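In: quick one: sequence and predicted model below, then my questions.
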Amino acid sequence: MKYLLIIPTFLIAIFCNAQYYTSPAANGNPSNINQEDFEYPLGGGLPSGWTSILSGGKTNPTWSPAQIIPFVFQFNDTAVSSFKASSSGVVTFTTSVTGSAPSHTNTALPNNSIPDNSICVWGVSGKGSNDAIVTKTFGTAPNRQFWISYNNYSEQTIFVNHYTYFSIVLEENSNRIYIVDQRNFGATPSLTLGVQINSIESYQIAGSPNYNPLANNSPARSDNKYYTFNPGNQMTNDAFLKAIEINDALFLSTAPYSIDVTIENTGIDTICSAEIAMSIDGSAPIISVASNLNISTTETGTFNIANSWNPSAKGSYEIKTWIKTINNLADQNSLNDTIDKSVTVYGNENKRFSLIESFTSSTSPTSQTSNSNIETLVSNNLGNVTSLKYQMNSPGTGDPYFTSESLSRDQYYSVQAVNSVLVDGKMQMYSQQLNQDSINKRLEKVAFIKLDATFWISGKIAYITADVNPLETFNGQNYVLHAAIFENITSQNAKSSGEVEFFNVMKKMVPNANGTFLGGLNKANSVTHNLNYQFKGNYRLPTNANNQVDHSSEHSVEQFSDLGVVVWIQDNDTEEILQSAYAVNTIGINENELSSFRLFPNPAKEQVTLGFFENIKTAEIAIYSIDGREVLKVIENKISNNSVEINTSELTPGLYVIQVNTSGIISTNKLIIE
C-alpha cells in the first residue's frame with residue numbers, strides 16, 4: 001500500500017449559497033494531463049499548438065476578442081461557451097463587457113470592477129513586448145483541459161528582467177477550475193487569485209490580494225502549484241476516482257504488470273477504507289479492499305488493485321475500475337466513481353531507442369556539469385538510448401570541433417542556448433534539467449519503425465548500411481533518415497570548461513545535415529540505404545570555432561579506431577524522432593582478412609573462449625559495444641593450445657564486436673552476451 005499525500009494550504013471564500021468549494025494547493029499540473037516541461041515565451045521555446053489570443057505591449061488594461069471554449073463547460077451550474085481575457089489577469093464568461101478591462105491594481109474579491117462570472121489572476125500585466133495570453137487544449141474527450149495561459153507576463157510596475165507565468169484551466173466533465181502558479185523570476189508580484197460569481201459572492205486563495213508566486217524559475221512543471229475550485233457542495237462521504245496508474249503502452253516482455261488507482265477524498269469525512277472493483281475487457285470484476293487508510297479531505301491516496309496482470313498476447317485491452325464503497329458505505333456521489341482506460345500491449349519489435357542530442361561547448365563554464373549529467377543518464381540507460389553531441393561556436397571563441405553541420409542542427413531546432421538537450425527531437429531543456437523521468441516518458445512511447453544499421457571503417461572511409469522497416473503506415477510524407485559519424489572520446493578540443501574528455505562528438509553527418517529524404521513510410525515496405533563518407537586530407541585542430549575544419553580538404557578525427565555511427569528517422573514536419581539506433585561495427589577498423597578465430601560458446605555469459613586457426617603466441621584482444629566504444633581489452637603474451645579464455649561476466653547482455661590484432665593483422669567476430 002502506498003500514498004501520495006498533498007499537504008493542504010488554506011483558501012478563503014466569501015459567499016452566499018456556496019456554489020464552489022476549494023481544494024488546497026497541489027504540486028505539478030492538475031491530473032498531469034498537460035505534461036509539457038517548456039514554460040517559455042511564445043516563439044521562444046514554447047511548444048507548438050498554443051494559440052495567441054492577446055499579444056503584449058498593452059500599456060492599458062485590454063480585453064481580448066471573445067474566444068470559443070472547445071467543449072461544454074458549466075460555470076456556476078450554467079453552461080458557458082465563450083470568454084474574454086484581460087491583460088490585467090481576468091478571464092470572464094460575461095463576454096458582453098466592453099471598454100477598458102479591470103485595472104492592473106488588484107484588490108480583494110469581490111470587487112465591482114470585476115465582471116460577474118470571472119476567474120482571476122488579477123494584478124499581472126501584459127506591458128512587455130513578448131507577453132502573450134495563449135490557449136491550448138490537452139487530453140482527449142470527455143476529459144479534456146483547456147488552458148488559458150498568461151505567458152511571460154509581469155508584475156504591474158516591473159516588466160524588465162522579470163516574468164511570471166500563470167494559467168487558468170477549465171476541465172471538461174468535472175467542470176472544475178484550476179489556477180496554476182507556473183514560473184516566476186526577477187520580482188515578486190502581489191496578486192488576487194480567485195473566482196467571482198457576482199459582486200457579493202466570490203472565492204479567493206489565501207494571501208489574496210497579496211498572493212506571492214510559489215513556483216521558481218524552472219520551465220518544468222515539477223515546481224508548479226495549482227489550486228482547485230470544485231463545483232457544488234461538499235458531501236460527507238465522497239471519493240473521486242482520479243486515475244488508473246498504468247502506462248497506455250506496454251511491452252509483452254515486461255509482463256506481469258502492476259495496476260494502481262488514485263482516489264481523492266472530495267468528501268468531508270476521512271477515508272479509512274475503500275472497495276475498488278476492476279474489470280478487463282468485460283471480465284468478471286476483481287474486488288480489492290484497501291483498509292487502514294487515512295486520506296483526509298482534499299488529499300489523495302494511491303494503492304494497488306492488481307499485482308500480476310499477465311496478458312497472454314499483444315493487443316488492446318480495456319480496463320474499467322469503479323468505487324464500490326467508501327468507509328463501508330455507498331459513495332454519495334456516483335458521478336465521479338468510475339474510470340476507464342485503454343492500454344495496448346506491444347511486442348519487442350516496437351521498442352523505442354531514444355536519441356539524446358546535446359548542444360555543448362568546451363568554452364562553456366557549465367558544460368562540465370551538463371555533460372556529466374548527460375553521461376550518467378546515458379550510462380544508466382545503455383541499450384535504451386543513443387547519444388550525440390554537437391560542439392558549438394559559443395560562448396566566447398567556441399569549441400574547436402564546431403562545424404557548420406552542428407549549426408544546422410542548432411537552427412533546425414531553434415536551440416535556446418549552449419548546454420541545451422533534446423530527446424527524440426522533443427522536450428528541449430537545459431542539459432542539467434534532463435532526468436530519468438523525462439527519458440522514461442519517451443521510452444514509454446511505442447516505436448512503429450524497426451531500424452537496424454551496420455558500419456565499418458576502411459582507412460578513412462566509413463561505410464554505413466541502414467535498414468528501415470515501418471511497422472505501420474505513417475500519415476506524413478516528409479520523413480528523413482539521418483546518419484552521423486561520431487568519435488567516442490576526444491580530448492584535443494579541451495578549452496576552458498574544465499573537461500579533458502568529450503564523448504560522442506559529432507564529426508560528420510552523412511551525406512549532410514539534411515539527411516536522406518524518405519518521403520512516406522508504408523507498412524512492411526522495408527528499404528535499405530547504403531551510405532559512405534571519405535574523410536579528406538590530414539587531421540587539423542582548429543584554434544577556435546571561427547576556424548572550423550574544411551571537410552573538403554581536412555578532418556578532425558583524433559582516432560579512426562574510435563569512430564561510431566548513430567542513425568535516426570525524423571519527421572521534418574514535427575521534428576519528432578521516430579526511432580534511432582547505433583550502427584553495429586561489423587568488420588572493425590581494417591577489413592584485411594576473414595576472421596582468424598572462432599568463439600565458443602556464442603552466445604556467452606560468464607566466459608568466452610577464442611580458438612585460433614593457426615599457431616598464435618601473442619594477441620591483443622579488444623571488445624567493442626555496438627556504438628564502437630571499447631569495453632574490454634586484454635593483451636596475451638603466452639597463448640597455449642591456440643586458445644584464450646576471456647572473462648565476460650562484467651559485460652551487460654547485448655551484441656558486441658570482438659577484435660583480435662595478431663602481428664598487425666586484425667580480424668573480428670560478433671559476440672553475443674546473454
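Out: All right, it came through fine.

In: pull the contacting residues for the residue minimising distance to the centre of the chain.
Out: Nearest to the mean C-alpha position of the chain, by Cα atoms, centre = their mean, lies Ser438 at 4.1 Å. Ser438 makes contact with Asp37, Val423, Met427, Met429 under the criterion Cβ atoms under 8 Å, 6 or more residues apart in numbering. C-beta: built from backbone N, CA, C; applies to glycine.

In: next one: the residue lying closest to Pro365 once chain neighbours are set aside from Met506, what distance?
Out: Counting by Cβ to Cβ, 6 or more residues apart in numbering, the nearest residue to Pro365 once its immediate chain neighbours are dropped is Ser497, at 6.7 Å. Going from Ser497 to Met506 by Cβ to Cβ, to the nearest Å gives 17 Å.

In: so Leu651 makes contact with Val608?
Out: No - using Cβ atoms under 8 Å, Leu651 is not in contact with Val608; the gap is 9.5 Å.

In: who's more crowded, these two?
Out: Val608 (24 against 19; other Cβ atoms under 10 Å).

In: and the host helix or strand of the more buried one, what does it pack onto?
Out: Using DSSP states H and E, Val608 maps to strand 607-612. In terms of contacts (3 or more Cβ pairs under 8 Å, 6 or more residues apart in numbering; DSSP states H and E), strand 607-612 is packed against strand 597-600, strand 619-625, strand 643-647, strand 654-662.

In: let's see it at 10 Å
Out: For strand 607-612, the packing partners by 3 or more Cβ pairs under 10 Å, 6 or more residues apart in numbering; DSSP states H and E come out as strand 597-600, strand 619-625, strand 643-647, strand 654-662, strand 665-673.

In: next, the angle from the helix or strand just after the second one to strand 619-625.
Out: Going down the chain from strand 619-625, the next helix or strand is strand 630-636, by DSSP H and E. Inter-element angle recorded for strand 630-636 and strand 619-625: 170 degrees (by axes from the mean of the first three to the mean of the last three Cα atoms, to 10 degrees).

In: tell me the phi and psi of the residue nearest to the centre of the chain?
Out: phi -60, psi -40 (degrees, to the nearest 10).

In: how close does it sit to Val421?
Out: For Ser438 relative to Val421 (Cβ to Cβ), the value is 9 Å.

In: now do Arg352
Out: From Arg352 over to Val421 the distance is 17 Å, taken as Cβ to Cβ.

In: same question, Lys127
Out: 33 Å.

In: who has more neighbours, the two?
Out: Per other Cβ under 10 Å, whichever of Lys127 and Val421 has more neighbours is Val421, with 26 against 21.

In: give me the pLDDT for that one.
Out: On pLDDT, Val421 comes in at 96.

In: got it, and Lys84?
Out: Lys84 carries a pLDDT value of 98.

In: and the longest helix for the chain?
Out: As assigned by DSSP state H, the longest helix anywhere in the chain is helix 367-380.

In: quick check, Glu349 in a helix?
Out: Yes - counting by DSSP: H, G, I helix; E, B strand; the rest coil, Glu349 falls inside a helix.

In: which residue sits closest to it, ignoring its sequence neighbours?
Out: Lys450 (5.6 Å).

In: just checking, that neighbour touches Ala466?
Out: No - contact between Lys450 and Ala466 fails when scored by Cβ atoms under 10 Å: they sit 11.3 Å apart.

In: so for the two, which sits in the more crowded spot?
Out: Under the criterion of other Cβ under 10 Å, the comparison of Lys450 against Ala466 puts Ala466 first, with 25 against 16.

In: and the chain, split by domain according to the record?
Out: 11-231, 244-346, 352-585, 597-673 (automatic domain parsing).

In: chain center to the longest one, what's the gap?
Out: By that I understand domain 352-585. Distance, stretch centre to chain centre, for domain 352-585: 18 Å (Cα atoms, centre = their mean, to the nearest Å).

In: now do that domain: distance from first to last residue.
Out: Terminal residues of domain 352-585 are spaced 21 Å apart (Cα to Cα, to the nearest Å).

In: per-residue confidence at His649, what does it come out as?
Out: I think there's a mix-up here, since residue 649 is Ser and not His. 89.

In: you'd agree it is in a strand?
Out: No - counting by three-state DSSP, Ser649 is located in no strand; its state is coil.

In: state the number of residues packed around the spatially closest residue to it that is not a sequence neighbour.
Out: Nearest non-adjacent residue to Ser649, counting by Cβ to Cβ, 6+ apart: Glu606, 4.6 Å away. Neighbours of Glu606 under the rule other Cβ under 10 Å: 11.

In: gap between Glu606 and Trp568?
Out: Using Cβ to Cβ, we find Glu606 at a distance of 34 Å from Trp568.

In: next one: Gly611
Out: Counting by Cβ to Cβ - Gly611 and Trp568 are separated by 38 Å.

In: count of neighbours near Gly315?
Out: Gly315 has 12 nearby residues by other Cβ under 10 Å.

In: name the nearest residue to it, ignoring sequence neighbours.
Out: Val345 (6.1 Å).

In: surely that neighbour meets Leu250?
Out: Yes - with contact defined as Cβ under 10 Å, Val345 reaches Leu250; the gap is 4.9 Å.

In: give me the common contacts of those two.
Out: Contact criterion Cβ atoms under 10 Å, 6 or more residues apart in numbering; residues shared by Val345 and Leu250: Tyr257, Pro311, Lys314, Tyr317.

In: quick one: neighbours of the first one, just the number.
Out: Here the count is done by other Cβ under 10 Å, and Tyr257 has 17 residues near it.

In: try Ala141
Out: By the measure other Cβ under 10 Å, the count of residues near Ala141 is 10.

In: repeat for the one 3 residues further on
Out: Residue crowding around Arg144 was assessed by other Cβ under 10 Å; the count is 17.

In: list the contacts of the closest residue to it other than its chain neighbours.
Out: Nearest residue to Arg144, sequence neighbours excluded (Cβ to Cβ, 6+ apart): Glu172, at 4.4 Å. By Cβ under 10 Å, 6+ apart, Glu172 lies in contact with 69-73, 137, 139-146.

In: show me what Ile68 is bridged to.
Out: Note on Ile68: beta-bridge partners Ser82, judged by DSSP bridges.

In: need the contact list for it.
Out: Ile68 sits next to Ser81, Ser82, Phe83, Thr135, Phe146 when contact means Cβ under 10 Å, 6+ apart.

In: so which of those residues is surrounded by the most neighbours?
Out: Most neighbours among the contacts of Ile68, by other Cβ under 10 Å: Phe83, with 26 neighbours.

In: shouldn't Asn247 be within a helix?
Out: No - going by three-state DSSP, the assignment for Asn247 is coil, not a helix.

In: please save the CA atoms from the strand holding Val608 in CSV.
Out: Extracted in CSV, the C-alpha atoms of strand 607-612 (Å, rounded to 0.1, in the frame of the first residue of the first chain):
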residue,chain,number,x,y,z
GLN,A,607,33.2,-16.6,-20.2
VAL,A,608,34.1,-16.9,-23.9
THR,A,609,36.9,-18.9,-25.5
LEU,A,610,38.8,-17.7,-28.6
GLY,A,611,40.1,-20.6,-30.7
PHE,A,612,42.7,-19.7,-33.3
